[in-house]
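K.L.:
sequence-free structure coming up:
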Ligand SMILES: NC(=O)c1ccc[n+]([C@@H]2O[C@H](COP(=O)([O-])OP(=O)(O)OC[C@H]3O[C@@H](n4cnc5c(N)ncnc54)[C@H](OP(=O)(O)O)[C@@H]3O)[C@@H](O)[C@H]2O)c1
């Protein structure tokens, strides 16, 4: 039996869901893949840091999560750690750094620097954060490789749906010509709500009440979250070097109730459509609202679901639909990366 020690950088929705998933799947991971995951360190911004080289007390951690309590340093921490996030990365007794801090669409920082530090420390890297993927995919891949380690980021786009691993594994050897889809769940939900008669403001208030939209929803509403995902797919899968600014997204702020009604009258629906690919005049990307009819696979992508379709040199169309994901789905993306890393060490 192999024990894999994990340092979690960030312990919000996704970090907590990952801790729960690991606890729930521990026995399965042992039986199916021969390893036992062990969380040895957790760092947050305002809720403290805890480290236990023998593995944090699972039961205590789950008890805290179940009761919605913050990290209890007195119960969990065994080292009395004092220091900043870089010192945490230096001292964390771990094989893998799992990074789930907030995204910065303009630079990928500071997460990019944290992952850099983790790679230099000889750790495998897993992130759910799109920022470091867009701004540091090549660099972090090369740096981890120098140390005989891997950089994985499956949950950065479409949560737990296998997008990046699909092209490393079963679809290796194919060439992607283009992709299109709905990559931002929040705006998809907002447009659905507007179709049922709400204004954008009312839809945003509903999204906030169920934890889908943030206090400042502009990242989603103005198309930046979709743009960073388009940049991530373009950079990793189609060899580009784009930033979200290159995508110049148009969000859904300009969609009025009249426009929704007009689309309905024509039997169509507004969707925030993401695209990237090779055209006659070179590589093109876009994020913009479009009216789609029932003939489009995007028409029935409802609520917080998302969808991507790839055009490949050997397959004219391959679509992947993810229905109503949650942080647990994102946590599965992190777990899939972890299994990939463990398998790489045994092959
Ligand atoms: N939510 C999803 O379903 C989803 C899906 C796909 C991808 N993602 C990506 O996953 C990441 C995490 O999302 P989330 O929803 O879990 O966010 P979240 O709930 O806001 O949690 C972020 C965590 O990062 C911690 N943090 C922030 N700055 C830090 C720093 N400098 N050092 C150490 N910890 C720091 C925060 O600490 P405090 O607890 O002290 O604030 C918090 O624990 C984001 O990049 C997001 O884009 C999320």
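P.N.:
Alright, I've got the coordinates. Since the structure is predicted, the reported quantities are computational estimates derived from the model, not experimental observations.
K.L.:
interface residues of this structure facing the ligand?
P.N.:
By C-beta under 6 Å from any ligand atom, the residues of the chain that approach the ligand are 9-15, 43-47, 85, 100-103, 110, 128-129, 155, 159, 327, 330. Every C-beta, even on glycine, is put in place using the N, C-alpha and C of the backbone.
K.L.:
Inside helices: which ones of those residues?
P.N.:
In this view, those that belong to helices under DSSP state H are 13, 14, 15, 85, 327, 330.
K.L.:
per-residue confidence for the nearest residue to residue 44 once chain neighbours are set aside?
P.N.:
Closest residue in space to residue 44, ignoring its immediate chain neighbours: residue 11 at 5.0 Å, by C-beta to C-beta, 6 or more residues apart in numbering. Residue 11 carries a pLDDT value of 92.
K.L.:
What of residue 74?
P.N.:
Residue 74 is given a pLDDT of 67.
K.L.:
quick one: contacts for the closest residue to residue 104 other than its chain neighbours?
P.N.:
Nearest residue to residue 104 in three dimensions, chain neighbours excluded: residue 131, at 5.0 Å (C-beta to C-beta, 6+ apart). Remark: with contacts taken as C-beta atoms under 8 Å, 6 or more residues apart in numbering, residue 131 is in contact with 103, 104, 105, 107, 108, 109, 111, 112, 228.
K.L.:
Ramachandran coordinates for residue 131?
P.N.:
Per-residue torsions, residue 131: phi -50, psi -60 (degrees, to the nearest 10).
K.L.:
before we move on, what SS does the closest residue to residue 250 other than its chain neighbours have?
P.N.:
Spatially, and ignoring its direct neighbours in sequence, residue 250 is nearest to residue 288 (4.2 Å; C-beta to C-beta, 6+ apart). Put simply, residue 288 is strand when judged by DSSP: H, G, I helix; E, B strand; the rest coil.
K.L.:
Who are the packing partners of the one helix or strand residue 26 maps to?
P.N.:
Assigned by DSSP states H and E, residue 26 belongs to helix 13-33. Secondary-structure packing of helix 13-33 (3 or more C-beta pairs under 8 Å, 6 or more residues apart in numbering; DSSP states H and E): strand 2-9, strand 35-43, helix 58-66, helix 327-346.
K.L.:
Can you tell me what sits against stretch 237-250?
P.N.:
105-106, 134-135, 163-164, 167, 176, 179, 222-224, 226-228, 230-231, 234-235, 276-277, 283, 285-289.
K.L.:
Over to stretch 335-343?
P.N.:
Contacts of stretch 335-343 (C-beta under 8 Å, 6+ apart): 2, 4, 6, 18, 21-22, 25, 29, 33, 35, 37, 96, 98, 124, 126, 150, 152-155, 160, 162, 165.
K.L.:
mean confidence for it?
P.N.:
For stretch 335-343, mean pLDDT rounds to 97.
K.L.:
Tell me the buried residues in it?
P.N.:
335, 336, 337, 338, 339, 340, 341, 342 (16 or more other C-beta atoms under 10 Å).
K.L.:
picking up where we left off before, quick one: the helix holding residue 26 to strand 35-43, angle?
P.N.:
Relative orientation of helix 13-33 and strand 35-43, computed by axes from the mean of the first three to the mean of the last three C-alpha atoms, to 10 degrees: 160 degrees.
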